[in-house]
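Student: No letters, just coordinates:
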């Protein structure tokens, strides 16, 4: 009798183990408020994350420890100790969590601004990442973007080699808050997503408060860009910078209905009838010397010019593309101060060019 009882217990255990993880009950789902290209489903013992653009959506599991179910999904650890990143926008959340020491590999270490990264051993990863290079660092997580690996097929090939690689699609987002919300996606692999959700809510609240305050200001005309290859290059009218300018109470000159960078003939630019109140040059200028040497800028010499080059590292690379993108509320505060000059905010990334 005892033998049959033990046999039944064994069979029951095997059936339980054979259950499909995705058949279990979803406890809750995090659906981003701004970001369009990821979603997190919470189960009892694990999380299933979706990322990417339809029709190609990557689905994978994040968990630690043994599970009481099986799944064909690739499994990432929720306690990443060794992290490889390929963009400065992928690492800003580490600074929030004081986890800079988790970064062991990076693509272009000269781009990193945070001084804490400078004092530790980080291997410079080649642009076209190869399996041997990645495996040599024994990573728990490799965060890439599609240009690195030429699509989902290459990711699947690397995962078969037990390389835990995932795409981050923050660069595909348009709204500044959407890009910042991807910090929650990254934090999943460090078991810090609940903390980052609260952090993002504070950023969102701060951003929206500043946006409401801007409604009381008189709208100002904002010129963006400079001359490149004989044409004026400016941001698209639906880009993240255009949204920041609009939410700060600015009217973007030369605006379009595109999110992409725009090139406009100089003849059209020089015929602008609206007077520009402020000029965001959006290039590498640190002063107005280039302006004084080019007569084509004569129309705009009296316009106060600003650039986002206040915080550069010793290699000349910009914190705007590291911490700035993750703090759209502070970017909005900067641009609002630049446009309206109300004296309520000390500029973080922008500075006036003299």
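Tutor: The structure has been received and is ready for your questions. If you're wondering where the values come from, they're calculated on a predicted model, not measured in any experiment.
Student: Would you mind giving me the confidence score for residue 14?
Tutor: pLDDT for residue 14: 47.
Student: nope, residue 96 is what I was after
Tutor: Among the per-residue scores, residue 96 shows a pLDDT of 96.
Student: Can you tell me, leaving aside adjacent residues, what's nearest to it?
Tutor: residue 199 (6.1 Å; Cβ to Cβ, 6 or more residues apart in numbering). Every C-beta, even on glycine, is put in place using the N, C-alpha and C of the backbone.
Student: which strands and helices sit next to the lengthiest helix in the chain?
Tutor: In terms of residue count, the longest helix belonging to the chain (DSSP state H) is helix 193-214. When contacts are defined as 3 or more Cβ pairs under 8 Å, 6 or more residues apart in numbering; DSSP states H and E, helix 193-214 sits against helix 92-96, helix 176-187, helix 240-247, helix 328-340.
Student: and if we set it to 7 Å?
Tutor: helix 176-187, helix 328-340 (3 or more Cβ pairs under 7 Å, 6 or more residues apart in numbering; DSSP states H and E).
Student: so can I have JSON lines of those helices showing distance to residue 314, mean pLDDT and mean neighbour count?
Tutor: JSON lines is the format used below for the helices and strands packed on helix 193-214 (distance: least, Cβ to Cβ, whole Å; pLDDT from 0 to 100; neighbours: other Cβ atoms under 10 Å):
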{"stretch": "helix 176-187", "distance to residue 314": "26", "mean pLDDT": "98", "mean neighbour count": "25"}
{"stretch": "helix 328-340", "distance to residue 314": "23", "mean pLDDT": "97", "mean neighbour count": "24"}
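Student: of all those, which lies closest to residue 220?
Tutor: Of all these, helix 328-340 sits nearest to residue 220, with 4.8 Å by Cβ to Cβ.
Student: List the contacts of that closest one.
Tutor: Taking Cβ atoms under 7 Å, 6 or more residues apart in numbering as the criterion, the residues outside helix 328-340 that touch it are 176-177, 180, 203, 206-207, 210-211, 214, 217, 220, 222, 244-245, 247-250, 278, 306, 324, 344-345, 347-350.
Student: again, only this time at 8 Å
Tutor: Under the criterion Cβ atoms under 8 Å, 6 or more residues apart in numbering, residues 176-177, 179-180, 203-204, 206-207, 210-211, 213-214, 217-218, 220, 222, 244-245, 247-250, 277-278, 280, 306, 308, 324-325, 342-345, 347-350 lie in contact with helix 328-340.
Student: How far does that helix sit from its chain's centre?
Tutor: For helix 328-340, the distance from its own C-alpha centre to the chain's C-alpha centre is 19 Å (Cα atoms, centre = their mean, to the nearest Å).
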